[in-house]
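1. sequence below, structure please.
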Amino acid sequence: MFLIDTNVLIHAANPSGPEHSQCRLLLESARRSVAPWHTTWAILYEFLRVITHPRVFPKPWRVSDAWRFVSALLASRSLQVLVETPRHGEVASEVLKELPALHG
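-> Next up is the predicted model:
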């Protein structure tokens, strides 16, 4: 499973950052691919929160521009937005039991 996280979105959207080119290429490649790629609503909301925050960026994005970026992602046919199911808590509990040393 290929999941795009908040940092990749932020770096892809921020042309002044050193990781921009690499993240933009990764994102554009995912958007052109027929293979499924994934994100979550939490990741998309975090992107909106960070990219529009004046303490994070000297020139924060307007929310309308940030939402346009998200909308372009959502228009990708191969993107699947993962959502929790009613079993989410149960599955999380099982995973945490199987990985007792998980931290950070």
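2. and the strands in the protein?
-> When assigned using DSSP state E, the strands of the chain occupy the ranges 37-40, 79-82.
3. okay, these, which one's buried deepest?
-> Burial among the strands of the chain, expressed as mean neighbours by mean count of other CB atoms under 10 Å, is greatest for strand 37-40, which shows a mean of 19. Any C-beta I mention is one placed from the backbone N, CA and C, and that applies to glycine too.
4. so for that strand, mean pLDDT?
-> Strand 37-40 shows an average pLDDT of 96 in the prediction.
5. go on, stretch 63-75?
-> Averaging pLDDT along stretch 63-75 yields 96.
6. give me the buried positions along it.
-> Neighbour counts using 16 or more other CB atoms under 10 Å place A66, F69, V70, L73 of stretch 63-75 among the buried residues.
7. who touches the last one in this structure?
-> By that I understand L73. Applying CB atoms under 8 Å, 6 or more residues apart in numbering to L73 gives the contacts L9, L27, R31, T39, L44, L79.
8. got JSON lines for the buried residues of stretch 63-75, with distance to L102 too?
-> Shown next, in JSON lines, are the buried residues of stretch 63-75 (distance: CB to CB, whole Å):
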{"residue": "A66", "distance to L102": "32"}
{"residue": "F69", "distance to L102": "32"}
{"residue": "V70", "distance to L102": "30"}
{"residue": "L73", "distance to L102": "29"}
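9. keep only those of these that are in helices.
-> When DSSP state H defines the helices, the subset of these inside them is A66, F69, V70, L73.
10. of all the residues you listed, which two lie farthest apart?
-> Using CB to CB, those reach their maximum pairwise distance at A66 and L73, which is 11.1 Å.
11. ranges for the helices of the chain?
-> 6-13, 20-32, 41-51, 63-74, 88-98.
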